[in-house]
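Trainee: my questions concern the predicted model and sequence given below.
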Amino acid sequence: MEEKTLNYVIQVEEELPTLLRRVTTEEMVGFDNYNENNLLFTHPISRFHPSHASSTPTSNGQEVSRSSIESMEDHHNYNESHDKETLPWTHQRKPSISMPTSPNILMISDPTTSLSSDNNTSGSTGKSVKFLSQPMAKVSSLYIETGNDEHDHDRRRHDNHHHHQQHHQSGQLQNQNPAMHKLKDNRYNSFKTWSGKLERQFTRKPASVEPEAPNRDKQNMNTNEAMPVDRYYDALEGPELETLRPQEEIVLPNDKKWPFLLRYPISTFGMCLGVSSQAIMWKTLATAEPTKFLHVPLWINMGLWFISVALILTIVAIYLLKIILYFEAVRREYYHPIRINFFFAPFISLLFLALGVPPSIMTDLPQFLWYLLMFPFICLELKIYGQWMSGGQRRLSRVANPTNHLSVVGNFVGALLGASMGLREGPIFFYAVGMAHYLVLFVTLYQRLPTNETLPKELHPVFFLFVAAPSVASMAWAKITGSFDYGSKVCYFIAIFLYFSLAVRINFFRGIKFSLSWWAYTFPMTGAAIATIRYATVVKSSMTQFMCVILCAIATLVVFALLVTTIIHAFVLRELFPNDLAIAISNRPRPKQNSQHRWLDQLRNVSSENIENYLKFTDLDSSQSNDLEAANGKTQESDSA
Amino acid sequence: MRSLEIPGQEIHIEIDNPIPRRKKRNTNLADAEPIVLMSVLSSLHAGYFRISLSLCSQALLWKIMVHLHSEIPSAAFHFLWYLALVTQVSLCFMYAFKCVFFFDLVKEEFVHYIGVNYLYAPSISCLLLLQSAPMIKPHSVLYQTLFWIFTVPILTLDTKLYGQWFTTEKRFLSIMANPASQISVIANLVAARGASEMGWKECALCFFSLGMVHYLVIFVTLYQRLPGGNNFPTTLRPVFFLFFAAPATASLAWNSISGTFDILAKMLFFLSLFIFISLVCRPNLVKKSIKRFNVAWWAYSFPITFLALDSVQYAQEVKDHFASGLMFIFSSMSVLIFLGVMLLTAANSKRLLRRDPVLWSATAPKDK
């Protein structure tokens, strides 16, 4: 304990010079002299006195520092900002270098406000950090040198940072200006990989001095455990669980535009799906028999294919950046019950690319490529399907939603690709697994179980994903068995039926907010069109040819309209990437929300379904359980064992 | 004595003659063995038939292996088969005695939503014994008679159980479904295989479709993990291995019916393989149940044996290295697990018979 207090003391002493530096900038110049001193002492007290370059008795310094510590503590306790409080310290210091003081006054007020606000925020989610002061005038180069020292101190301080939140904060805010845009970063810190430590490794600038204080609690919370699925359901609503419920708060400020990477959802991979499936469609249109009368040129396929390659590369690169820099945000997306399905999208896009490769480039793909493409698929599948089966909070009866089709379709696409490459056993494997799980998913979705909260009550473009699995399954079965026989026809007719039942309800699709994930919902239409072409190859009639043309035209039109809408949103409205609220929900529910009040709130929300659901199915409070395992290890079993 | 007399009257005090007590003690000694037997019988439950199930399936595996690879000594197979026969017969007798003396307990088991499934187990074991018998030819009359004797209980249980699912109001499938329900499916599929071995294709197809339809329903229901059906005791976690036993048995049955390991059989085999890998990658699921030995551990053995059987058939059809590798892996895994569980049983035999609470008593859903 003594050591701790000693450290505490010494830490505080470290902090104080920063204040002083703000107050009197002469210390900046004198600071460089103390480099050697800094290295000598673990926690240099000499920094404390700018005049200490020569020899001032350290005891004096310590006494002085202790009294200033007390005043510092008092200052913290008051949580107020008084310019005058800093003045006693300056009296104790002997300024050795004269510098203009007027800007200092400005600077004085700021650190104290930041201190006080940090005091406020040390236990909270960091939201109040946004009350911090406005960006300061740039005093650039001086700070850069000091940053190095800060860097060293920072490293040493890492061990103690649990105890010294506030002081840390103040210590690092000494670099006002470069830290100013870092003040903004503080708020996003919790989302950064290792809370910004990675960024620190990359940059040796004062940017490396990341205040971790306000988000400390959140850090610990975030890195330790996954957010339970209940939190997502409580905080979000809507068919894609994107909209924040009115009573929820988020941990990032909503009035500012977040960093681009934080706003970049995984659903952008839907674009890759849409475009690459178009490439396949145009290739089929050009090469298949029923549509030969259209004389579709092959360069459309080639153009689309190259576009999709470029698109995939870009999106993958950006998302990789996001993974590297903002891993926490990626983690939250992974635990989002809807967004998890989009994690299959990159791999499905790669499969589409392999399927749609122009014949002039490559006709025969090597077989190891298939194994390479399917390997990440099977890993992800084992995880997700196992989650469905083993229960717990992410069991299928709870999280089933139409987007889950994305998890299942990949199996069929892989089977289709493998069969077209000439493989035999692998495609059957994936077809079997996909079929079994598709069956389960289909039944579950059709049931619309009352425990299922993610199923949208209204129609939404996501429902088009229903068409995806049977259409691709029919094509895959045809390739596996070699001919478009009964099995394929059955699947194909199911797909067409679902397509039409959704298409005639097109009126209900109006008035829905556009989002990038809509691109993912276009590939089922394209898939249905391609399946129709394959069907028409076997069943030759003008009716089937007509259907081919119609479906392809619809698919093309939809993609084109979506493209135009995307461009409008991107460049005209500039809101293609709005703040991604879904990943910023707070880990703790609102303080008022214990179960009683939640019930009352729901009463207020006047939804009888909610009440019914709550009253009937309230066994879902097992938020402590690991999402992997069934929350079955209750006391009764242990008693009976 | 009129005990209602108001105190004041004499109260007779009778002192027991100590001799009858001694007699009691003597009779205690004489009764000691029957009492032990009674306690054994009362603690025996249908779950013990997992042992015979494992032995019989192991015997079938050895038979097919011996059939394919003649370098394996058939003496081992014979020994195993006779061992399985002995175990099965003794277990059957003991259970019959239990029905006689403790009919209430048996009735309780019958009513319980997990226990009722294990009433299929004796029939399955007998059918497997029949199919792996070295001396009985499939087309003989003896085979046919025995087949029918063993299949009739399956059919009756089927009618009772499956009919209940969609007709009665109380025993909904959504509540009653649990991983052990797959045993009923396995029973039908094993019967299908037996029938097709005899040459009765239609009968085999009938059993197969019965099993598959109900397997579909159970599979979907179990995957959904509806909130009502959460009470599956932790000690019975090994029963989760049934998830991949069912498709493996289906694949075997279809292989037998169609004559070749065609695409449907392959698909079922792959599904079983996938679920196996998925379960194996989740050690947490079974970690809790491994703490103490239990007869439920035998539930690890026979699903893997079925999967091994299936992989043998698969390797026969698809003659490449991957398939042979799979066959080798699963067969050795099956034998090892079988031996391991047998050793553990031998080591824990006292615990096995002496104290075995009816595991499912506390957690039955209220279906009054």
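Mentor: Thanks, I have the structure now.
Trainee: alpha carbons only for contacts and neighbour counts from here, please
Mentor: Noted.
Trainee: for A:S586, grab phi and psi.
Mentor: phi -80, psi 150 (degrees, to the nearest 10).
Trainee: show me where the stretch 251-368 of chain B has its helices.
Mentor: Taking DSSP state H, counting those that start in this stretch as the criterion, the stretch 251-368 of chain B carries its helices at B:263-280, B:283-287, B:301-317, B:321-347, B:349-354.
Trainee: which positions in the shortest one come out as buried?
Mentor: The one in question is helix B:283-287. B:L285, B:V286 (16 or more other Cα atoms under 10 Å in any protein chain shown).
Trainee: show me what that helix is packed against.
Mentor: For helix B:283-287, not one helix or strand is in contact under the criterion 3 or more Cα pairs under 8 Å, 6 or more residues apart in numbering or on different chains; DSSP states H and E.
Trainee: state the mean pLDDT of it.
Mentor: What helix B:283-287 shows for mean pLDDT is 73.
Trainee: extract the C-alpha trace of that helix and format it as CSV.
Mentor: Provided in CSV are the C-alpha atoms of helix B:283-287 (Å, rounded to 0.1, in the frame of the first residue of the first chain):
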residue,chain,number,x,y,z
PRO,B,283,-16.0,-29.1,-25.5
ASN,B,284,-17.8,-26.7,-23.1
LEU,B,285,-21.0,-28.5,-23.9
VAL,B,286,-19.9,-31.7,-22.3
LYS,B,287,-17.4,-30.4,-19.9
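Trainee: please identify the deepest-packed of the helices of the stretch 251-368 of chain B.
Mentor: The highest mean neighbour count among the helices of the stretch 251-368 of chain B, using mean count of other Cα atoms under 10 Å in any protein chain shown, belongs to helix B:301-317: a mean of 25.
Trainee: surely B:V106 and B:K98 touch.
Mentor: Yes - B:V106 is within contact range of B:K98, at 7.5 Å (criterion: Cα atoms under 8 Å).
Trainee: which residues of chain A score low on pLDDT?
Mentor: Within chain A, the stretches with pLDDT under 70 are A:1-191, A:193-226, A:239, A:391, A:450-459, A:509-511, A:588-641.
Trainee: quick one: end-to-end length of stretch A:532-552, please.
Mentor: 9 Å (Cα to Cα, to the nearest Å).
Trainee: list the buried residues in it.
Mentor: Buried-residue list, stretch A:532-552, by 16+ other Cα under 10 Å: A:T532, A:I533, A:R534, A:Y535, A:A536, A:T537, A:T544, A:Q545, A:C548, A:V549, A:L551, A:C552.
Trainee: tell me the contacts of the first one?
Mentor: So that's A:T532. A:Y492, A:T544, A:M547, A:C548, A:L551 (Cα atoms under 8 Å, 6 or more residues apart in numbering or on different chains).
Trainee: same question for the fifth one.
Mentor: Under the criterion of Cα under 8 Å, 6+ apart, the neighbours of A:A536 are A:P290, A:T544, A:Q545, A:C548.
Trainee: let me know the helix or strand that the third one is in.
Mentor: The one in question is A:Q545. helix A:542-567 (DSSP states H and E).
Trainee: okay, now the residue of the stretch 101-250 of chain A found nearest chain B: neighbour count?
Mentor: Nearest residue of the stretch 101-250 of chain A to chain B, counting by Cα to the nearest Cα: A:D230, 14.5 Å away. Neighbourhood size, A:D230 [other Cα atoms under 10 Å in any protein chain shown]: 18.
Trainee: same check on A:A582?
Mentor: Going by other Cα under 10 Å, the residues that sit close to A:A582 add up to 22.
Trainee: can I get stretch B:123-136 as CSV, trimmed to CA atoms?
Mentor: Output of stretch B:123-136 as CSV, limited to C-alpha atoms (Å, rounded to 0.1, in the frame of the first residue of the first chain):
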residue,chain,number,x,y,z
SER,B,123,-35.4,-53.5,-29.1
ILE,B,124,-32.6,-51.6,-30.9
SER,B,125,-30.0,-53.7,-29.2
CYS,B,126,-31.8,-56.9,-30.0
LEU,B,127,-32.2,-55.9,-33.7
LEU,B,128,-28.5,-55.0,-33.9
LEU,B,129,-27.6,-58.3,-32.3
LEU,B,130,-29.7,-60.0,-34.9
GLN,B,131,-28.1,-58.1,-37.7
SER,B,132,-24.6,-58.9,-36.5
ALA,B,133,-25.2,-62.5,-35.6
PRO,B,134,-22.6,-64.7,-37.2
MET,B,135,-24.7,-67.7,-37.4
ILE,B,136,-28.1,-66.6,-38.5
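Trainee: now do it: everything it contacts.
Mentor: B:49, B:52-53, B:56-57, B:59-60, B:63, B:78, B:81, B:84-85, B:88, B:138, B:142-143, B:146-147, B:150-151, B:153-154, B:187, B:190-191, B:194.
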